[in-house]
Structure formats: structure tokens, C-alpha cells
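Colleague: give me coordinates for this.
(2 chains)
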Amino acid sequence: MHINDVKSQFPIFSKKINGKPLVYLDSSNSAQKPISVINSLDNFYKNEFSNIGRSIHSLAVNATNKFEETRMNVKKFINASSKDEIIFTKNATESINLVATTFGYQNIKKGDEILITELEHHSNYIPWHYLRETRGAIIKFAPINDDGDIIIDKLKELITSKTKIIAVTHVSNVTGTVVPIKEIIEIARKKNIPVLVDGCQSAPHIKIDVKDLDCDFYAISCHKVYGPTGVGILYAKKKWLEKLPPYIGGGGMISEVKKDKVTYASLPEKYEAGTMPTAEVVAFNESIKFMESIGIENIIKHEKELTNYALEKMKKINSVNIIGNPKNKTSVISFTIKGIHPHDISTIVDEQGVAIRAGHHCCQILHERLNLSATARASIGVYNTKEDIDILCKAIENCRKVFDLK
Amino acid sequence: MDLKQLYQDIILEHGKSPRNFGKCEKYTHKAKGHNPLCGDQVQIYVKLDNKKKVEDLTFEGSGCAISIASTSIMTELVKGRTYKIVKKLVKNFINMIKNVEEIKLENLDEDQKTKVMSLSGVKKYPMRVKCATLAWHTLTSAIDQKNEEVNTEASDS
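Modeller: Residues are numbered from 1 along each chain as shown, chains lettered A, B, ... in the order given. Reported below is the predicted structural model:
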């Protein structure tokens, strides 16, 4: 699919918001869905619905096959070694909680250290914070510089013999910083420390290769990758999934149940208790096909061009301040306007049909580090165009007009 | 929807130059308010005299134009009034913003009516109602000495 044809694949863009065409710049929060994904959901419920993995009637067999087909494609999408390393969860938050809970149970004692960074989303902090509360773990934050890059030397200094795991985002959802994950993993490898990577903001925008990264855990949120809500992915090296205890208990994750003894299913079912979001997992296969039909290289090129175009244009607007200037970044642009609170910005641009986010974006630690209480954020997806950026910039000018800024 | 209805000149002016900003001397009551969704914060300081009349009322904090203006206007309206009237004003204001009823303006003069009504545009923006009501809930918490932080996600605002 050519990049110029992408927008027409998304039915929502034929809708008007406040009488204006929708300019959707909130994809870091959640991405819109292409028609193929919507059709898959519709078709599955209309023609193919059944629960998976239990019954042996034809519908159940077909549903199970389709569900597993998505797993195979996720495996290819992120270059995992085995389909058993792909666990479906509710969202990336659950993926990280799964690791924090099961890894913590087995490996974290009072005084043990967990190393995260100042860039982390709350979902890659709070699950570890629980271990601070319940196990007396110590959480350390690798600092960033004013550009929004992690200071690798400082991160190295924070690693001690007590460091049990490093959890770090691949891409910041505020500054768009692409973190040098591979370098961090190499550092961790030398000390035999496992690494969890929060891949929420990377999966829709850059090539992911878990084999090349050599990470232990990788969390993905499917609704940010043009997929349905209610599905997340946890990639984990097989050795971990075999070694760690199960997370949620219930149907589907057992091998044998006796009054005095329970044994658990093999991978990946061990971690998929209860009825899964079947239609949604099946539909996520279409999201991957959608991304592949454009080609990740083309997506990267398109989003890079748009981001540079937006940055150049926004920097020229009086009193606009772009947050962070990382060495390598994706298509997330957080900004402030002197004299206008981000919430007021968001309300005013919304009148022009422009959807952005305002607030701390679930990153209070980062905002505190940057001395900001809130920022406005425009995040670009594969469907955005130069016209979208032009409308955004006009809407920002309008904020200045409404607030009578000189 | 008309942005000028929301961002009326009175609001912009109060947002830029809030009245009664700071910590008043010898306050007798205080409370903290917080909107966890956007990070807006407000601290209210009240000096009640022995007849429970608001002798002084100031605030500190940060937030959007709507929340700062609403707080600033509130301090102007409430100063000098008795506890009973303050409670009534708060109730009326919150009901107006939440569109439960038209504001009852019996205790206000023309100038004060204009100021309160300038905030009525918020009604049409459900996501912004909390910005306008945070300080009013926090004021209640202060004068009733609830000693708890007002949290927009926990209160019924």
C-alpha cells in the first residue's frame, strides 16, 4: 500500500469533529483502526465466533487456528524464536505487571534493587513500586539530561550487585526519545541482569527485533499498533516463562487439577488463564498485515518527514517550546505555549477538529524532572499528512489569538 | 460551540492576573485540592473570624485558565461572607456548572453576577467542569475542616 492511500483505509477520517475534518494527533495514546481490523472483528462475531482451545466442534477449531495464526505472525513481527514466547495479555500494563509479580515473587528480596529510568510511563513504574511496598525492594531511576536522553554513564553507575532487573522504555511517550536499548542490554548482560523493555511507543513506529536486542521481556500494547483494545503482548525468553510461576490462575492454564495438587499447562497457555479476547486477538493479525503492507521502512520514512516538518513549523510559532531534543526520536512532539496552559490548548485546538493530548501523559516523574506540571502532545501516526500539521499549526496560532498573546 | 463563550475576557483576565494569590496571614483553615488527571493543584487559605465570617481568603497553585480564573473569582465572591452564605454559594455554583440548575444569584450584586456567569460556558465542556469546580470543593473542605485533600477523581465533581 502506498503511504498516500493509507488515510482512506480508516473510516473514522470521514467523520467531522466540531464540523471540521478530524486531525488525529493522539496516536501515542491510542491509534485509529483500519477497515480491515474493523471488518475482522465484525466478521468474527457474525460468522466465526467460538471460544478457543476447549471445545472440539468446527467453529472452535477454526477460532483456535485463527487465534494461533496471530501468535505466529506476532512471532514473525518481532522476530521471536518461538511462538511459545508470545503471551497474549489485556494490555502492555498487564504484561509488565505479569513480569513484576512473577519475577518479583521468585527473585526480589528486601534491599534488592530494580533499575528503571526517569522516562518511564507509570505502567513501567507502579508494578515495580508494588515490590517496593510488599518486598522492600529499592527502585533506582537512571537520570536523563535536558535533551531527554538517558545518561548511560549514570545508568551504569547505578548498577550494583543488588540490581535484580532493569526495566526501561524503548521510546518515551513524552519526548519521543529512542533509548539505546541494545547498549543498555549489553551492559546488563555483562552483569547477568535481565532486562524488560516497554515497547508501547516503539512497536507502531520502529522495527522490533527481540532476537537482535537480546532482551528478556518486551511488552506491547496492540491498540497503539492500529489494533483492537483489550489485547497486549508479552514477549519473554522461553527460559523465563518456563522458570517463573504462573500469574493468573483459572481455566485454560492447567494441565491437571486434583484436590491436593494442580499442575500447569505448557507454554504459552500457562500464562493465558480464562477466556481470552478472542475476536480482538484474531483482528490484531490484520493490524500486522496492515503495517506490513505499507512496510516498516516506509512508515519510518513517512513519520520522520512529518515530524521534521512539524518541528520546523512549530518552532517558528512565537512562544511555542518543544519538550526535549533527543539524539534519536520518533513522531511524538510534546510542547508548551508560554502563557497558555496545555488543557486550554487542547480545548481550543479541538474546536478546529484537532485531537491532541494534554496533561502529564502518565509520566509524572519525567514532568517533575523537566519542571513542568503539564504539556501538550501531538503524536503522529502513519495516517497523518502535511495538511494535518498545517491545521495543527493554525490551531496553535488560534490559541494565541484566543488568549490575546502578542 | 463558541470558544469565546468559554474564554470570556473576564476569565482570561483573572487567569492572567489572579486576585488574592498567595498565603494570607494568620489563616485559620486550609485545604489542598488536586486533579490527578491533569495535575492541577490548589491550596486554599481561609481566615474565619469568631462569628465564622470569612475575613480573608487566598490561594496558591497552578492550573489552566479556567481553574485559576474560577478560583480567583471565588475568592472575590466569598470574602466577607458568613459560613452559611459561603456554603450556599458553593452549592449554587457547582450546580450551575454541572448544569443541574440555573445559578441562584440572590446574594450577589450585578458585578458579581457577571463574574459568576462568565464561568457558565464551562457547562458545555464536560471534560473541563472539574477545572472550574476544584477550588470550590477545596474551599468547602477547608471551612469544614475535613483535613483531607480534595481529589477530583474521588469527589463527585
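
Colleague: tell me what whichever strand or helix holds residue A:401 is packed against?
Modeller: Element membership for residue A:401, per DSSP states H and E: helix A:386-402. On a contact count with 3 or more CB pairs under 8 Å, 6 or more residues apart in numbering or on different chains; DSSP states H and E, helix A:386-402 meets strand A:23-24, helix A:296-315, strand A:332-337, helix A:342-350, strand A:354-355. Placement of C-beta: from N, CA and C, glycine included.

Colleague: hmm, who's touching the first one?
Modeller: Defining contact as CB atoms under 8 Å, 6 or more residues apart in numbering or on different chains, one finds that strand A:23-24 is touched by A:12-13, A:32, A:352-355, A:381, A:383-384, A:388, A:391-392, A:395.

Colleague: how far off centre is it?
Modeller: 20 Å (CA atoms, centre = their mean, to the nearest Å).

Colleague: and of the helices and strands packed on helix A:386-402, who's closest to residue A:104?
Modeller: Set against residue A:104 and scored by CB to CB, the helices and strands packed on helix A:386-402 come closest in strand A:332-337, at 29.9 Å.

Colleague: what's the spacing between that closest one and its chain's center?
Modeller: 19 Å.

Colleague: what does that strand contact?
Modeller: A:28, A:171-176, A:201, A:307, A:310-311, A:314, A:319-324, A:342, A:345, A:361, A:372, A:375-380, A:396, A:399-400, A:405.

Colleague: next, the angle helix A:342-350 makes with it.
Modeller: Between strand A:332-337 and helix A:342-350, the angle comes out at 110 degrees (axes from the mean of the first three to the mean of the last three CA atoms, to 10 degrees).

Colleague: export strand A:332-337 as PDB, just CAs?
Modeller: Output of strand A:332-337 as PDB, limited to C-alpha atoms (Å, rounded to 0.1, in the frame of the first residue of the first chain):
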ATOM      1  CA  VAL A 332       5.900  12.300  19.500                       C
ATOM      2  CA  ILE A 333       6.000  16.100  19.900                       C
ATOM      3  CA  SER A 334       5.300  17.500  23.300                       C
ATOM      4  CA  PHE A 335       5.200  21.200  23.700                       C
ATOM      5  CA  THR A 336       4.100  24.100  25.800                       C
ATOM      6  CA  ILE A 337       3.000  27.600  24.900                       C
END
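
Colleague: what angle separates that strand from helix A:386-402?
Modeller: Going by the same axes, to 10 degrees, strand A:332-337 makes 20 degrees with helix A:386-402.

Colleague: for burial, what's the neighbour tally of the residue of chain B at minimum distance from chain A?
Modeller: For chain B and chain A, the shortest gap (CB to the nearest CB) falls at residue B:64, measuring 3.6 Å. Burial of residue B:64 is recorded as 25 neighbouring residues (other CB atoms under 10 Å in any protein chain shown).

Colleague: just the mean pLDDT for stretch B:110-118, thanks.
Modeller: Taken as a whole, stretch B:110-118 has a mean pLDDT of 88.

Colleague: these two touch, right, residue A:188 and residue A:168?
Modeller: No - Residue A:188 lies out of contact with residue A:168 (CB atoms under 8 Å); the separation is 9.5 Å.

Colleague: overlap in contacts, those two.
Modeller: Contacts common to residue A:188 and residue A:168, judged by CB under 8 Å, 6+ apart, are residue A:195.

Colleague: quick check: residues of chain B near chain A?
Modeller: Contacts of chain B with chain A, taken as CB under 8 Å from any CB of the partner chain, map to B:1, B:3-4, B:6-7, B:12, B:16, B:37-41, B:62-66, B:125, B:127-128, B:131.

Colleague: list the ones among the residues you listed that fall in helices.
Modeller: Among the residues of chain B next to chain A, the ones falling in helices (DSSP state H) are B:3, B:4, B:6, B:12, B:16, B:65, B:66, B:131.

Colleague: give the contact list for the spatially closest residue to the second one that is not a sequence neighbour.
Modeller: So the one you mean is residue B:4. Nearest residue to residue B:4, sequence neighbours excluded (CB to CB, 6 or more residues apart in numbering or on different chains): residue A:402, at 7.7 Å. Residue A:402 is in contact with A:348, B:3, B:4, B:7, counting by CB under 8 Å, 6+ apart.

Colleague: what about 10 Å?
Modeller: By CB atoms under 10 Å, 6 or more residues apart in numbering or on different chains, residue A:402 lies in contact with A:340, A:344, A:345, A:347, A:348, A:351, B:3, B:4, B:6, B:7, B:12, B:65.

Colleague: in chain B, which spans are strands?
Modeller: In chain B, the strands defined using DSSP state E lie at B:29-35, B:40-48, B:54-62, B:150-151.

Colleague: count the residues that sit near residue B:59.
Modeller: By the criterion of other CB under 10 Å, residue B:59 has 27 neighbours.

Colleague: I should have written residue B:96 there, sorry.
Modeller: Using other CB under 10 Å, residue B:96 is surrounded by 22 other residues.

Colleague: so how far is residue B:119 from it?
Modeller: Distance, residue B:96 to residue B:119, by CB to CB, to the nearest Å: 8 Å.

Colleague: ok, residue A:31 next?
Modeller: Using CB to CB, one gets 36 Å for the distance from residue A:31 to residue B:119.

Colleague: so which bits of the stretch 201-350 of chain A are right by chain B?
Modeller: Residues of the stretch 201-350 of chain A lying near chain B by CB under 10 Å from any CB of the partner chain: A:339, A:340, A:341, A:342, A:343, A:344, A:345, A:346, A:347, A:348, A:350.

Colleague: could you rerun that using 6 Å?
Modeller: A:341, A:343, A:344 (CB under 6 Å from any CB of the partner chain).

Colleague: ok, the first one touching residue B:62?
Modeller: Put plainly, it is residue A:341. No - applying CB atoms under 6 Å, one finds residue A:341 not in contact with residue B:62, separated by 8.3 Å.

Colleague: so for the two, which sits in the more crowded spot?
Modeller: Higher neighbour count among residue A:341 and residue B:62: residue A:341, with 27 against 13, using other CB under 10 Å.

Colleague: give me the number of residues near residue 39?
Modeller: Just so you know, I chose chain A. For residue A:39, the neighbour count with other CB under 10 Å is 13.

Colleague: nope, chain B
Modeller: Per other CB under 10 Å, the neighbour tally for residue B:39 reads 22.

Colleague: likewise the one 10 residues further on?
Modeller: For residue B:49, the number of neighbouring residues by other CB under 10 Å comes to 11.

Colleague: which residues touch it?
Modeller: Counting by CB atoms under 6 Å, 6 or more residues apart in numbering or on different chains, residue B:49 makes contact with residue B:55.

Colleague: just the pLDDT at it, thanks.
Modeller: Residue B:49 is assigned 92 on the pLDDT scale.

Colleague: where does the chain have low pLDDT?
Modeller: In the absence of a named chain, this looks at chain A. For chain A, applying pLDDT under 70 flags no range at all.

Colleague: look at chain B instead
Modeller: B:1, B:101-105, B:147, B:154-157.

Colleague: let's see that with 50 instead.
Modeller: Applying pLDDT under 50 to chain B flags residues B:155-157.

Colleague: give me the ChimeraX select line for the contacts of strand A:332-337, limited to the buried ones.
Modeller: Applied in ChimeraX, the following selects the buried portion of the contacts of strand A:332-337 according to 16 or more other CB atoms under 10 Å in any protein chain shown:
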select /A:28,171,172,173,174,175,176,201,307,310,311,314,320,323,324,342,345,361,372,375,376,377,378,379,380,396,399,400
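
Colleague: in helices, which of the contacts of strand A:332-337 fall?
Modeller: A:307, A:310, A:311, A:314, A:342, A:345, A:396, A:399, A:400.

Colleague: secondary structure class for the residue nearest to the fifth one when sequence neighbours are not counted?
Modeller: Here the nearest residue to residue A:342 in space, its sequence neighbours aside, is residue A:358; by CB to CB, 6+ apart that works out to 3.7 Å. Three-state secondary structure (criterion: DSSP: H, G, I helix; E, B strand; the rest coil) places residue A:358 in strand.
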